[in-house]
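> Sequence plus the predicted model coming up.
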Amino acid sequence: MREQTQTIMKNSIKPVNTILLLCLSVVFAVTACSTTGMQRSENVQSTMQTVDNDIKEIVVQLDAIGASLDELTKPGQADLRKAFDLFSDNASGIKKMERDFSKHASQMEDAGKVYFEEWDKDSQKYDNPDIQRRSNERRETLGQTYDKIAQNNVGVKEAFQNYVSDINEIDRFLSNDLTRDGIDSISTISDNVVNNGTHLKNELQSLQNAIEDARKEMRQQS
């Protein structure tokens, strides 16, 4: 008798769980569709602000890495271990920043995609031809401005990945051979990495400028 009761209960629970999942799916779908254009715009601007904050922190870290690498590789460095530990700490920091930046940049691109896709849907609902025309014009202007973010982001991602890879390998190399000869053997590589850091900073600045241009276009005027 007990086994029959348990079987009945299990069979009755399955439909309930299915219904519950369906209800939750409907709620999420309704919530996603119910967001307004202003909310989507604010979401895009929020993600751009996050990436902008990331860039500011990354630039500071790049300067710190360059300074610590110069200190480590300078002729006559008396305390190689201390100089290496400082460089290694900075190198470890930039790895995490690269991961966070990549995540936030993807969120920014996804938010922008949703924003413009919904704008395109809304723009097909105007009966007034003047409003339709102005909506299309603004969509094109802002879309072109926002496209520059994606274009610049490609250059940043590539430069960032190459830079972090080189810094990581220098860190690993010196952890095995922290000697004057070991440091001298990669001096040319170290110089190139510092130059690559400067290139990365320039790419980040271009992305930051593109973000600021888009934010100006989307910002509500008081």
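Yep, it's here.
> where exactly do the helices run in the chain?
2-33, 37-73, 80-122, 129-176, 180-185, 187-218 (DSSP state H).
> lowest-confidence helix or strand of the chain?
Least confident helix or strand, the chain: helix 2-33 with a mean of 46, by mean pLDDT, DSSP states H and E.
> What's the mean pLDDT across stretch 159-175?
Across stretch 159-175, pLDDT averages out at 95.
> In that stretch, which residues are buried?
Ala159, Phe160, Tyr163, Val164, Asp166, Ile167, Ile170, Asp171, Leu174 (16 or more other C-beta atoms under 10 Å). All C-beta atoms are positioned from the backbone trio N, CA, C, and that covers glycine.
> can you list contacts of that stretch?
Surrounding stretch 159-175, the residues in contact under the criterion C-beta atoms under 8 Å, 6 or more residues apart in numbering are 65, 69, 72, 84, 87-88, 91-92, 94-95, 98, 101-102, 182-183, 186, 189-190, 192-193, 196-197, 199-200, 203.
> What's the local residue count around Ser190?
Ser190 has 21 neighbours, counted by other C-beta atoms under 10 Å.
> Do you know the pLDDT at it?
91.
> so it sits right up against Thr73, yeah?
Yes. Counting by C-beta atoms under 8 Å, Ser190 touches Thr73, with 5.2 Å between them.
> ok so, going back, can you turn the buried part of the contacts of stretch 159-175 into a ChimeraX selection?
Remark: buried members of those, expressed as a ChimeraX selection using 16+ other C-beta under 10 Å:
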select :65,69,72,84,87,88,91,94,98,101,102,183,186,190,193,196,197,200,203
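> Report the separation between the spatially closest residue to Val156 that is not a sequence neighbour and Thr145.
Using C-beta to C-beta, 6 or more residues apart in numbering and skipping the chain neighbours, the partner closest in space to Val156 is Glu203 (4.7 Å). Distance of Glu203 to Thr145, given as C-beta to C-beta, to the nearest Å: 18 Å.
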